[in-house]
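A.B. asks: turn this into a model:
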Amino acid sequence: MLTANKLEKIIELEENLRKEYQEKLDAAAAEAERYKNELAEQREQMQATIDQQLATIKELSQQTSASDQVIQQNRELTNRSENLQEELSTLKKRVKTMQKDLAAEREQVKALTQFDPARMKKNLDANKKKLAEKTRANELLQKSLKDARTEKAELQRELKGVEEELASLKAELGTEEEAA
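C.D. replies: Predicted coordinates for the structure are as follows:
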């Protein structure tokens, strides 16, 4: 009984689905038929084109005996031109390599000219003279600093002596005033 109910439900479902999708199925079938017809027409057109091309090929094959010699000459000329093109590309590569080498050599020459030995020696001599002058000036300044320091020390000693003398004079004056 359960299976009969299930079977009835399945049949009922199938009928509902058919009702619902029948129009879509019919439309799809019609479209498929239309595509089949279009395909058949295209096949016929292609077949006609093939037949026409076959006839043209037959005509041309009869004319090929005269053009075979021209084709052979074209092949030879093509091979020659390809060989010349290969040779030309090889020469272009060689020229590029030489240009790169030339640029490298120019850079090297430029770098070497920056270090001109005569100019560098001249600059070195000038720098040595400047250094010697500065060294002499420094020595003089050191000597004058040393002299100034010794003079300062002497003056300080004299100042201390004068201050001591002043203090002793003040002390003597103070004792004389007390005595008077």
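A.B. asks: all contacts plus neighbour counts: C-alpha atoms, from now on.
C.D. replies: Will do.
A.B. asks: separation between the residue most central in space within the chain and Ser89?
C.D. replies: The centroid of the chain falls nearest to Lys100 when counting by C-alpha atoms, centre = their mean (19.8 Å). Lys100 is 16 Å from Ser89, where distance means C-alpha to C-alpha, to the nearest Å.
A.B. asks: Met120 now?
C.D. replies: 47 Å.
A.B. asks: any stretches of the protein with poor pLDDT?
C.D. replies: By pLDDT under 70, the weakly predicted segments of the chain are 1-2, 65-66, 180.
A.B. asks: max-length helix in this structure?
C.D. replies: Ranked by residue count and defined by DSSP state H, the top helix of the chain is helix 2-114.
A.B. asks: which SSE is immediately downstream of that helix?
C.D. replies: As assigned by DSSP states H and E, the chain's next helix or strand after helix 2-114 is helix 117-179.
A.B. asks: relative to helix 2-114, how tilted is that following helix?
C.D. replies: Per axes from the mean of the first three to the mean of the last three C-alpha atoms, to 10 degrees, the angle that helix 117-179 makes with helix 2-114 is 80 degrees.
A.B. asks: how far off centre is helix 117-179?
C.D. replies: Put simply, helix 117-179 sits 65 Å off its chain's centre (C-alpha atoms, centre = their mean, to the nearest Å).
A.B. asks: ditto for stretch 15-22
C.D. replies: Put simply, stretch 15-22 sits 67 Å off its chain's centre (C-alpha atoms, centre = their mean).
A.B. asks: go on, stretch 53-60?
C.D. replies: Centroid displacement of stretch 53-60 relative to its chain, using C-alpha atoms, centre = their mean, is 58 Å.
A.B. asks: in it, what's buried?
C.D. replies: For stretch 53-60, burial by neighbour count (16 or more other C-alpha atoms under 10 Å) applies to no residue.
A.B. asks: contacts for it, please.
C.D. replies: Defining contact as C-alpha atoms under 8 Å, 6 or more residues apart in numbering, one finds that nothing outside stretch 53-60 touches it.
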